[in-house]
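Novice: Can you look at this prediction? I've put the sequence above it.
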Amino acid sequence: MTGRYDILLEAWRKERRSADLQPMPEGFYVEMTGYVSELREQTRMLDKTSMRGKISERERENAERMLRELSQLRLR
């Protein structure tokens, strides 16, 4: 996993645990959407049957899901 994955994971966890909106660093969504785009490009070029390909695909799926859920949680 990467540092950006950890940042996204922590923001997602905090938002899920709290009824109030949690503060986000400036540029958070820009950074995270860029990160997800990079993951999409990375997984597109990897062999999805290799261990590295499977791990990268799972990281991309999780990051996309957390970013989507984070946005939905903040709109509730």
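Specialist: Okay, I see it.

Novice: Can you tell me which residue is spatially central in this structure?
Specialist: Nearest to the mean C-alpha position of the chain, counting by CA atoms, centre = their mean, stands residue 63 at 2.6 Å.

Novice: Excluding sequence neighbours, find me the nearest residue to that residue.
Specialist: residue 36 (5.3 Å; CB to CB, 6 or more residues apart in numbering). Using the backbone N, CA and C atoms, a C-beta is placed for each residue, glycine as well.

Novice: next one: residue 67
Specialist: Nearest one to residue 67, counting by CB to CB, 6+ apart, is residue 32 at 5.5 Å.

Novice: mind showing which ranges of the chain have poor pLDDT?
Specialist: 1-2 (pLDDT under 70).

Novice: which residues in it form helices?
Specialist: Counting by DSSP state H, residue ranges of the helices within the chain are 3-17, 28-45, 51-75.

Novice: Test my guess that residue 12 contacts residue 68.
Specialist: No - in this structure residue 12 lies outside contact range of residue 68 using CB atoms under 8 Å: 9.9 Å.
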